[in-house]
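Undergrad: no sequence on this one, just coordinates:
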């Protein structure tokens with residue numbers, strides 16, 4: 001399974017969002033940044049697509065958790 005960053009709306013209900021993620025087959029693996037509006041989840045690619053397609057007022061986006069750099073790769 002792949003890790004994803006789920007961005008939350010300002011004022012989102014964390015427990016409701018966590019339940020939604022779990023219903024979609026995901027597991028919260030890191031919520032240390034939830035107060036900044038981000039949590040890391042682990043789920044299949046299909047479940048992530050399904051989570052993205054939900055009309056959920058708590059979730060802004062679902063993106064793969066990957067390294068981001070500002071330097072061009074060589």
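TA: Happy to help now that I have it. Note that this is a predicted model, so its numbers are computed, not measured.

Undergrad: ranges for the helices of this structure?
TA: 14-23, 45-53 (DSSP state H).

Undergrad: So which bits of stretch 23-33 are buried?
TA: The neighbour-count check on stretch 23-33 (16 or more other CB atoms under 10 Å) flags 24-26, 28 as buried. C-beta here means a position set from N, CA and C on the backbone, and glycine is covered the same way.

Undergrad: Can you say which of the helices of the chain is nearest to residue 38?
TA: For those, proximity to residue 38 was assessed by CB to CB; helix 14-23 is nearest, at 11.2 Å.

Undergrad: Tell me the buried residues in the closest one?
TA: Neighbour counts over helix 14-23 (16+ other CB under 10 Å) mark 17-18, 20-21 as buried.

Undergrad: Likewise for stretch 43-63?
TA: For stretch 43-63, burial by neighbour count (16+ other CB under 10 Å) applies to 43, 47-48, 50-51, 56, 58-59, 62.

Undergrad: Looking at these, which gets the smallest pLDDT?
TA: Among the buried residues of stretch 43-63, residue 56 carries the lowest pLDDT, at 78.

Undergrad: For that residue, which non-adjacent residue is closest in space?
TA: What sits nearest to residue 56 in space, not counting adjacent residues and going by CB to CB, 6 or more residues apart in numbering, is residue 20, at 6.1 Å.

Undergrad: Please apply the same query to residue 17.
TA: Leaving aside its sequence neighbours, residue 17 sits nearest to residue 58 (CB to CB, 6+ apart; 4.4 Å).

Undergrad: Check residue 54 too.
TA: residue 20 (7.1 Å).

Undergrad: which other residues reach stretch 31-43?
TA: For stretch 31-43, the external contacting residues (CB atoms under 8 Å, 6 or more residues apart in numbering) are 1-10, 12, 14, 17-18, 21, 24-30, 51, 60, 65.
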